[in-house]
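>>> Using only what follows, build the 3D model:
(chains A and B)
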Amino acid sequence: MADMKNPEETTKTLSRRDLIKGVIAAGAVSSAGYLFRSSGVRAAQTQSAAGSVERLVTLNINGQQRPVDVMKQETLAMTLRYKLGLTGTKLGCDRSECGACTVLIDDVPHYSCSVLTHSVRGKKVVSIEGLASADGKLHPVQQGVVDEQGFQCAFCMSGFIMSAVGFLKVNPKPTRTELAHGISGNLCRCQDYDKILTALLKGAENMRRA
Amino acid sequence: MPTNKVNIPNYRLLGKNYTTPDMVAKVTGKSKYAEDFRAEGMLFCKLLLSPLPHGRVKRIDASAALAMPGVKAILTADELPPPAPFITDDGVMIPADPRAERGLTNEPLYQGEPVLAVAAVDELTAAEAIEKIQIDWERLPFAVDPMVTLKPGGPNARTDGNVWVVPPPAPPKPGEKPAGPPLPQVQDFKWTDAEYAEFKQGKLPMSKPSMEWSYGDIEAGFKKADLVVDEAFVTPNTSHQCMETRTAMAYWQNGKVFVHCSTQSTAQTVPAIARWLSIDQTNVVVISEYTGGGFGSKVTSGISLTIPVLLSKKVNAPVMMRVSREEEHYIGRARPGFHGRMKAGFTKDGRLVALDMFVVTDGGPYGPQGDANSSGRIVSLCYTPENMRWRGVNVITNTPPRGAQSQPGGAQGVMIMEPVMNKAANKLGLDQVAIRRINAPAGKAGIGGAIKGKRDHVTSAFVQEALDKGAELFRWNERKSQVKKSGTKARGIGVAVSAYSAGSIGFDGLFVIKPDGKIYIQSGVGNLGTESMIDSHRVVAEVLGVPWEQCVVTWGNTAKHLPWTCPSGGSQTIHAMTRAAHATAMDAKQKLQEIAAMDLGGTPADYEVGGGRVFRKGGGAGLTFAQAAQRAIKLGGKYDGHEVPETVSRMTKASVTGLAGQGLLAAAKDKYKRDGITNSYVAGFAEVEVDLETGEYRIVDYVGVADVGTVIHPRAFGGQMFGRTSLGWGHALAQKWVYDQHYGAPLAKRFYNSKPPTILDVPVNNFKWAAVDIPDPETPVGARGIGEPPVGAGASAVLNALVDALGENIFRRAPVTLDIILTALETGKPGDDPLTAHI
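Numbers count the residues shown, from 1 in each chain, chains lettered A, B, ... in the order given. Next comes the predicted model:
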């Protein structure tokens, strides 16, 4: 895959420090990005407050161009969940601790709770909803999870699957240990790691066969 | 792992892997958890949390907040309905408890307790409004460490005391129903000067208890003993840390409240909400299709959901309360930490003849928790002491509320007792597996204290079989003689035995065979992903002889006519609901046979059920399920649910009526006999490798063998074995609370402060599980639950392996962190503080 980027490099270029710097540069309170401002309801009922000005941007989400009003300090997770209705991306901690909100940005897994929405303009964002094909056929990694009954409560599942899909783009034939390292930025409180790893490896095998 | 197998013969579906019907929604992100629902005009609320560990609100000034554009309402504790008495379905009156936890409070008992909430058009506005609220506080004395409050003159966590005392239940009056459990009372309790002197010497005083029980003659037992071991141990407070916080969204329509929440029991959350709000349960609808983890912390969801519910009523609009990770630390429940001391007498051959067990629990401000009592019961079962006394003190602290966490009390009991077993074996020169085998429960083993000379017993126990199978899989005997130390690395192996209750009884099943020939099964169990919510219904397909694909399970919404079912907690479900499923399938079978006899002649006994048909024995005339369903609708009465069975509970009756007329309706309560209390067991084996230069250690491999009767769904079972074992490892390796004792402020509030094991912390390539595969004799398909006992086995097998690697005298508490090991190796003395909590 010639257009593939080195995930380590890209991760370094968009760190939590950058997120905070980005927010400060935008002149907003850093914590505010984690809170939700529902523009529709608010606009109809009140005048807007300082620091919450929204701007129309166009994002490439799951292969579609999506125009959306975002605040400068708004995180990608909040945009996906509350503005675009893509609730498959979960918020487990909102501070880069658990990985439940992982999405792909230009094929690289990122914690969407710690990415500012305005910073992904011009990039390709893929969330869990964008993996299956239009006719409903599951992505090979999703199919692997179904086949092996991976995960328990599954709140962490979409984050793990996105991490695995991203990792498999750079290492399509990982060993069990390599894949464990590849998804180690994701936390599962059901601690179903054995079954998760078996399922995701099955997904990798499905991908190679596809 | 491919090595893991179960081997239960003679079932078509039970014991076989399959894909549960909730999987595709989960992998595509379409499964909706509480925070994924939206309602038209939905508002958001934010909480104001107490900055003090204990204080009283003197005055609230919310004028600036309420003047903000977009702010809709404020809710304070004054607006909550007062605690009210309620009557259970069995007619037992539970009195109102003035000390019970409520959603909001004017006297916060821990830092982080919700004081008030604000609803606004969006979350940012609500948060800004919270910042503008001024509160005048009265500071009150506080204690976050149970040892501190027990000292003479120590501060009390509640204004009226520091220890829970539960009075004995009042004897029933002749001709009257027995009264409900008595309300817990609070006492002011301090050590004597002599006890305090013992504490200062580093020993946990065996003080006057607030609870106790015993059996046998403990003094006589100690007289028989050749060896007495007297050891103390401290277990950590650990938050449940569900990945999904207890976010909730609510709205009202026509006097009914609709609550989207995260719960372990869809059915049982209905009466809980009704009780919290003092409204009739027919006015409560609970929607919870997917729950992002519970582990005991969401048995009937959480009382915090009353906040959006009441705000929604006040402003007449839907209200969403998103609970942040930090808020979840405060209101999301935790396992109470224990200070335990064991005096144990053994004969030369390793038999435990006397056990004097004493525990102090760190119970938080609301309670009392059952963990203390459970710890004694589980120790009495796991190691079958001939004579035993259990005593406990349930201490109140200004720390977040505790709740049942996987193997509540049992895990702590096992963690306190296992080092004693370990030490005794070493002193007596016995093999570690052998000493546990000698003391293992078998058959109808006793559990708990004696009442009028008689003890309760379990349904069955096959722990020796589990130990034998585990020792073989682990190659225990071979590995015992391996070299322990090599260069800067030391290796050790450990074994531990664990048990916990694994099944309740008396719940209802409900399904309809519709004219399309399919079986529509209703489930009120919460969907936490253990899959027992679905797995237990495989029994319906098994008994009626239909392919599983012919069954459709409905769950997650009490408006969809769900039966009264157990919560998915305490490992109840696979036992309770396979029983209910079996009873209900038998009801359907009976009705099918009756309809066939009516239509085709003969008696019901002339017919049998199988292959989706009811037919004359030996072949011949019959009806398909589809035909029988149509006949049931024509017949009406009990056949299609127009006549409601008397035996089922109130909620099931309403659901039967709601489903009546749609086909052949089967509804039944589990009334199967059970001799004994259902428990499951695990024998765990671990090897650890310690780096002597850094104190770092890793679990090399692990074998867990479970005695759980019939395994219904092997893959889901394996997930519980690994998952709950790993929850236990967290207690051994790293997880604990840390407090600033001076300010009563918690310091470990987020994942990174007290992180559950990650995929790199656990032996994900070297974990084996197995089951002894002996069905429990006291339940129709022989199945018991598995969610609890792996926890204590996991934690203690690792700790025992550490002792094997490093020798005794290294640690006296868990988790065993690297600094403890390094300090001990350097000084030759245990590297930890034996008594202070939260360090």
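>>> Give me the spatial nearest neighbour of residue B:675, chain neighbours excluded.
With sequence-adjacent residues excluded and distances taken as CB to CB, 6 or more residues apart in numbering or on different chains, residue B:675 is closest to residue B:778, at 5.7 Å. Every residue, glycine included, has its C-beta placed from N, CA and C.
>>> my read: the one you found touches residue B:709, true?
No: in this structure, residue B:778 is not within contact of residue B:709 by CB atoms under 8 Å, at 9.2 Å.
>>> following the helix or strand residue B:701 falls within, which helix or strand comes up?
Using DSSP states H and E, the element containing residue B:701 is strand B:697-707. Counting by DSSP H and E, the element after strand B:697-707 in chain order, helix or strand, is helix B:714-733.
>>> So residue B:671 belongs to a helix, correct?
No: counting by DSSP: H, G, I helix; E, B strand; the rest coil, one finds residue B:671 to be coil, located in no helix.
>>> That one against residue B:583, yeah?
Yes: contact criterion CB under 8 Å: residue B:671 and residue B:583 qualify, at 6.9 Å.
>>> Which one's more surrounded, these two?
The residue with more neighbours, out of residue B:671 and residue B:583, is residue B:583; 23 against 11, by other CB atoms under 10 Å in any protein chain shown.
>>> can you tell me the helix or strand for the more buried one?
Per DSSP H and E, residue B:583 falls inside helix B:573-600.
>>> what comes into contact with the helix or strand just after that helix?
Next in sequence after helix B:573-600, counting helices and strands by DSSP H and E, comes strand B:607-610. Contact with strand B:607-610 is made by B:544-545, B:589, B:592-593, B:596-597, B:600, B:614-617, B:622, as judged by CB atoms under 8 Å, 6 or more residues apart in numbering or on different chains.
>>> where exactly do the helices run in chain A?
With helices called from DSSP state H, chain A shows them at A:7-13, A:16-25, A:39-45, A:76-78, A:140-148, A:157-170, A:176-182, A:193-209.
>>> Ok, the stretch 251-400 of chain B next?
B:266-277, B:306-315, B:325-331, B:371-382 (DSSP state H, counting those that start in this stretch).
>>> Can you give the distance from the third one to the centre of its chain?
A distance of 19 Å separates the C-alpha centroid of helix B:325-331 from that of its chain, computed with CA atoms, centre = their mean, to the nearest Å.
>>> Is any residue of stretch B:689-698 near chain A?
No: against chain A, stretch B:689-698 shows no contacts by CB under 8 Å from any CB of the partner chain, the least distance being 13.2 Å.
>>> Averaged pLDDT, that stretch. What do you get?
For stretch B:689-698, mean pLDDT is 97.
>>> Excluding residues flanking it in the chain, which one is nearest the single nearest residue of the stretch 501-650 of chain B relative to chain A?
Residue nearest to chain A within the stretch 501-650 of chain B (CB to the nearest CB): residue B:529, separated by 3.3 Å. For residue B:529, ignoring the flanking residues on the chain, the nearest one in space by CB to CB, 6+ apart is residue A:152 at 3.3 Å.
>>> likewise residue B:91?
residue B:177 is the one closest to residue B:91 (CB to CB, 6+ apart), at 5.5 Å.
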